[in-house]
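Visitor: Curious how this folds, go ahead:
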Amino acid sequence: MKQESFLNIENIRRSSGGVEYHPLVPFLPENAKVLFLGSFPPQRKRWCMDFYYPNFINDHWRIEGEVFFGDRNHFVDDAHKCFSLSDIVDFCRQQGIAFYDASTAVCRLEDNASDKFLDVVQPTDVRALVAQLPHLRVIVTTGEKATETLCQTLDVPTVPKVNGSVVLPSLQSRDAGRLVLYRLPSSSRAYPLAFSKKVEAYRSMFLGAGLLKTAEPQLFYYDMGKGVTAFSTTRQGGCSTGSYAAFNINRYSGDSELHVGRNRELLCRLLNIGDDHLLMPHQTHDVRVACIDEAFMTLRAAERQEALEGVDALTTRLPGVCIGVSTADCVPLLLYDPRRQAVCAVHAGWRGTVGRIAEKAVAAMVASYGSCPQDLVAQTGPGISLDSFEVGQEVYDAFAAAAFPMEHISRQYPTTANAQEQKWHIDLPQCNRDQLLAAGLRAENISLSTVCTYQQSDTYFSARRLGVRSGRIFTGIVINRQQEGGQPCIG
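Guide: All right, here's what the predicted structure looks like:
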């Protein structure tokens, strides 16, 4: 059987005068979720096959063999010192992995395979490639030259570092929507990184792209009533790595956009909603409450993002829309009005608590939906406990100045560094419970989580334990079935 050819004969023939035109046709399986864009193929005298990453001493196919099959030699034909082209092509078509390069014509300034000696004559029309890949999620570069060329072509202001990623605002695929540029370490052996570390980096990217099986997120559910699903995420499941491991959907704490997107997809699948129905504001420790209504849901993505900027609490009456807040020691608070079928999610850090955001959230539900405070059901999620929340004098003074009952919500404990020195501790969950009581909620309708994030940071994210650049808990609530007509507030 004649082997399929990927050579671009016309380009090979027209290469002259020091200008090389791309010797391969783009490899673009229609089901591709990942598009690799290298710089440019090496000279053909260095090839062992007529396909991408053809140099036998380049480890790209060994890395993919290790990632997907646990065998670095899965695609290697040692007897002939080459790679198994037919196996590679079948594998890439099955998995949905596309290949081309960031340049379609170059001048080679030195007789070697180094990208640094390539002078780009004609960059690739990346938009034309993306238009042929409706399911594409991520464009992957594996070298400095390819990354810089692509960023210049697409006017990307920030060139990602190795193992970093950026959203490509000017590009979208038909089905997957926003595209991510993900920069991996070079698979060249000249690149100074251990093979095992390269495998780890590639595996992380493929997990984020959805090409490797990912564990489902493990949620902690709250019983707030038959009409809603309320929960907090844990660190289990998902594909994020390092201090974001493993389930993080917060885009504002430094995690890879690819991993955040994949984790959101997993959560949406679990909740049986679309990504545009999973809403989280960009919190700024303020007390602004935003209402999610039909008009909001018609906004474009950029308009939504702007509307959610600087918001620390969300309310809605829309069934099937999950609203939530992001925390990693601060207190998340959920409110549910079973009479009016309305919900609210609140981010209550110490600043928001001092600003009485819990009371403001209740007031917003009263104003927007006619809620009666005594009907509301409240649940706090995982947050830092009194024993663990050590604060400076300025924080204590802020609570005192806001007329909080300090004898009730604060204690002094010896510091961990010096037993002779004492520091103030604040009980954030209790502060918010007191605000809910003051707003008119019944004591029996308020439940406080017993989870201390600082003490249980293996299961829940804690910024005090892991640092600010770490994952976040998402505490959300969704109205999952429409009740028959809300009842008016009586008395």
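Visitor: List the residues that contact the spatially most central residue of the chain.
Guide: What sits nearest the mean C-alpha location of the chain, by C-alpha atoms, centre = their mean, is residue 260, with 1.2 Å. For residue 260, the contacting residues are 240, 248, 249, 250, 251, by C-beta atoms under 8 Å, 6 or more residues apart in numbering. Just so you know, the C-beta spots here come from the backbone N, C-alpha and C atoms, and that holds for glycine as well.
Visitor: hmm, try it at 7 Å
Guide: 248, 249, 251 (C-beta atoms under 7 Å, 6 or more residues apart in numbering).
Visitor: Is it correct that the first one is in contact with residue 262?
Guide: No. At 10.5 Å, residue 248 and residue 262 do not qualify as touching, with contact defined as C-beta atoms under 7 Å.
Visitor: What sits closest to residue 362 if chain neighbours are left out?
Guide: Excluding the flanking residues, the one nearest residue 362 by C-beta to C-beta, 6 or more residues apart in numbering is residue 439, at 4.0 Å.
Visitor: where's the one you found relative to residue 352, distance?
Guide: Relative to residue 352, residue 439 is positioned 15 Å away (C-beta to C-beta, to the nearest Å).
Visitor: and what of residue 324?
Guide: For residue 324, the distance to residue 352 equals 15 Å [C-beta to C-beta].
Visitor: Need the mean per-residue confidence for the longest strand along the chain.
Guide: Counting by DSSP state E, the longest strand found in the chain is strand 165-173. Averaging pLDDT along strand 165-173 gives 86.
Visitor: And the pLDDT at residue 419?
Guide: 78.
Visitor: And for residue 366?
Guide: On the pLDDT scale, residue 366 gets 98.
Visitor: Show me what the helix or strand it falls within is packed up against.
Guide: Residue 366 belongs to helix 357-369 when assigned by DSSP states H and E. Helix 357-369 is packed against strand 289-292, strand 313-316, strand 331-337, strand 342-348, helix 428-438, with contacts defined by 3 or more C-beta pairs under 7 Å, 6 or more residues apart in numbering; DSSP states H and E.
Visitor: again, 6 Å this time
Guide: strand 289-292, strand 313-316, strand 342-348, helix 428-438 (3 or more C-beta pairs under 6 Å, 6 or more residues apart in numbering; DSSP states H and E).
Visitor: Any regions of the stretch 51-200 of the chain where pLDDT drops low?
Guide: Within the stretch 51-200 of the chain, the stretches with pLDDT under 70 are 112-113, 176.
Visitor: ok, which stretches of it are helices?
Guide: 60-69, 85-95, 126-130, 144-153, 195-209 (DSSP state H, counting those that start in this stretch).
Visitor: now those in JSON lines, with distance to residue 187?
Guide: As requested, these are arranged in JSON lines below (distance: least, C-beta to C-beta, whole Å):
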{"stretch": "helix 60-69", "distance to residue 187": "4"}
{"stretch": "helix 85-95", "distance to residue 187": "14"}
{"stretch": "helix 126-130", "distance to residue 187": "21"}
{"stretch": "helix 144-153", "distance to residue 187": "12"}
{"stretch": "helix 195-209", "distance to residue 187": "7"}
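Visitor: Save these as a markdown table, and put in mean neighbour count too.
Guide: Formatted as a markdown table, those follow (neighbours: other C-beta atoms under 10 Å):
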| stretch | mean neighbour count |
| --- | --- |
| helix 60-69 | 22 |
| helix 85-95 | 16 |
| helix 126-130 | 16 |
| helix 144-153 | 21 |
| helix 195-209 | 20 |
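Visitor: wait, which of these is closest to residue 22?
Guide: helix 126-130 (12.1 Å; C-beta to C-beta).
Visitor: give the contact list for the nearest residue to residue 456 once chain neighbours are set aside.
Guide: Leaving out its chain neighbours, the residue that sits closest to residue 456 by C-beta to C-beta, 6+ apart is residue 382, at 7.5 Å. Contacts for residue 382 were tallied using C-beta atoms under 6 Å, 6 or more residues apart in numbering; they are 232, 449, 451, 453, 460, 473.
Visitor: sorry, back to before: name every strand pairing with the following helix or strand past the helix holding residue 366 and say which way it goes.
Guide: The first helix or strand that comes after helix 357-369 along the chain, using DSSP H and E, is strand 377-380. Partner strands for strand 377-380, per DSSP bridges, with pairing direction: strand 331-337 (antiparallel), strand 446-447 (parallel).
Visitor: May I see the buried residues of strand 377-380?
Guide: 377, 378, 379, 380 (16 or more other C-beta atoms under 10 Å).
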